[in-house]
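>>> Next comes the sequence, and after it the predicted model I'd like to discuss.
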Amino acid sequence: MKKILVLLIFLSSSIAYSQIEEITKTKVSVNSIGLDYRFEGGLSPNIGITYRRFFKESKYNLRANLSLGGNNLYSDQSWYPYTGGNFLIYNTGDSNTPIIGVTETVYQNTAYQRIEIGVEKETRLWRLNFISGLDFTIGHRVSNRYGRITEVELTEVEQNGFKYNQYGPKSSDSTFPNDDLNYLNSTYNSITVGANFRGGFKTNISRRLYATAFIGVRAQGQFLIREKFDFKNESYKDHLPIKQGGNSFNFDTFASLGLHYRF
């Protein structure tokens, strides 16, 4: 009787241990989410959120990314009226406003949102986890361009013991851009479609955390869907010509660093 009881206890323990072992094996992290800090060609650094779906006993995984970014470009006249700036001078022949300063582009900025969906393959090389990936991309891009006309006057400036003449803001002008004689604000909305090819490495920090580093090339088409041109008024508007947008195709390079959490 004792032998039968011992045998039953042993069998029960073996079954329980097998079930626990099986549960432990099935609790493998098959998802991850993380942040990527990306350096884009021609754009300021941006932030992306990346999701990955892994498959058991497969070198391939799915990847989805949402990135937000943009850039800002300024001319010297972005500080105007505090400095003379690089505006062009025009004599109007009007006694009320004899001289105007014209800058077609005081500043230009771009903002974008992009979704990337693709496949990655992980390969073990020289004790390193090498990752290659191919993504389809689609996004939205908005560009703004600001030009302005302001009344200026010739002033005397003393520097290095010499007296110079330079064109500067007329003393009646105040803060940019409220007292512009006129301005042109151009807005371009576009859809972008393209593909990425990426190559990089992955390193495990812990059982849950891992880091990635990539460099890549993107081929992308940009298709204009809407444009808008706003003048302040009709004064001297011929000096700020409207520049129509259009479609384009280009190749860009990028690099990224990421930190990700498995769950």
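Received, thanks. Numbering: from 1, shown residues only.
>>> So, low pLDDT: which residues of the stretch 51-200 of the chain?
Residues of the stretch 51-200 of the chain that meet the criterion pLDDT under 70 lie in 74-86, 171-178.
>>> just the strands in it please.
Along the stretch 51-200 of the chain, counting by DSSP state E, counting those that start in this stretch, strands occupy 60-74, 88-91, 99-125, 128-159, 162-169, 182-204.
>>> how about those strands, which one is nearest I225?
Of all the strands of the stretch 51-200 of the chain, it is strand 182-204 that lies closest to I225, at 5.4 Å by C-beta to C-beta. C-beta: built from backbone N, CA, C; applies to glycine.
>>> now for the closest one, which elements pack on it?
strand 99-125, strand 128-159, strand 209-231 (3 or more C-beta pairs under 8 Å, 6 or more residues apart in numbering; DSSP states H and E).
>>> can I get the strands of the stretch 51-200 of the chain in CSV with distance to F229?
As requested, those are exported to CSV (distance: least, C-beta to C-beta, whole Å):
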stretch, distance to F229
strand 60-74, 19
strand 88-91, 20
strand 99-125, 13
strand 128-159, 10
strand 162-169, 25
strand 182-204, 5
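>>> Please report how far the residue most central in space within the chain lies from F254.
Centroid-nearest residue in the chain, with C-alpha atoms, centre = their mean: G69, separated by 2.2 Å. From G69 over to F254 the distance is 10 Å, taken as C-beta to C-beta, to the nearest Å.
>>> list the residues that contact both of these two?
Listed as contacting both G69 and F254 by C-beta atoms under 8 Å, 6 or more residues apart in numbering are R38, E40.
>>> on that earlier part again, excluding chain neighbours, what is closest to the residue nearest to the centre of the chain?
Closest residue to G69 apart from its sequence neighbours, by C-beta to C-beta, 6 or more residues apart in numbering: N46 at 2.5 Å.
>>> Test for you: state the pLDDT assigned to that neighbour.
Turning to N46, the model gives it a pLDDT of 85.
>>> Run a quick neighbour tally on it.
When neighbours are counted by other C-beta atoms under 10 Å, N46 registers 20.
>>> contacting residues around it?
N46 sits next to Y37, R38, E40, S67, L68, G69, G70 when contact means C-beta under 8 Å, 6+ apart.
>>> before we move on, what about L209?
L209 is in contact with L259, H260, Y261, R262, counting by C-beta under 8 Å, 6+ apart.
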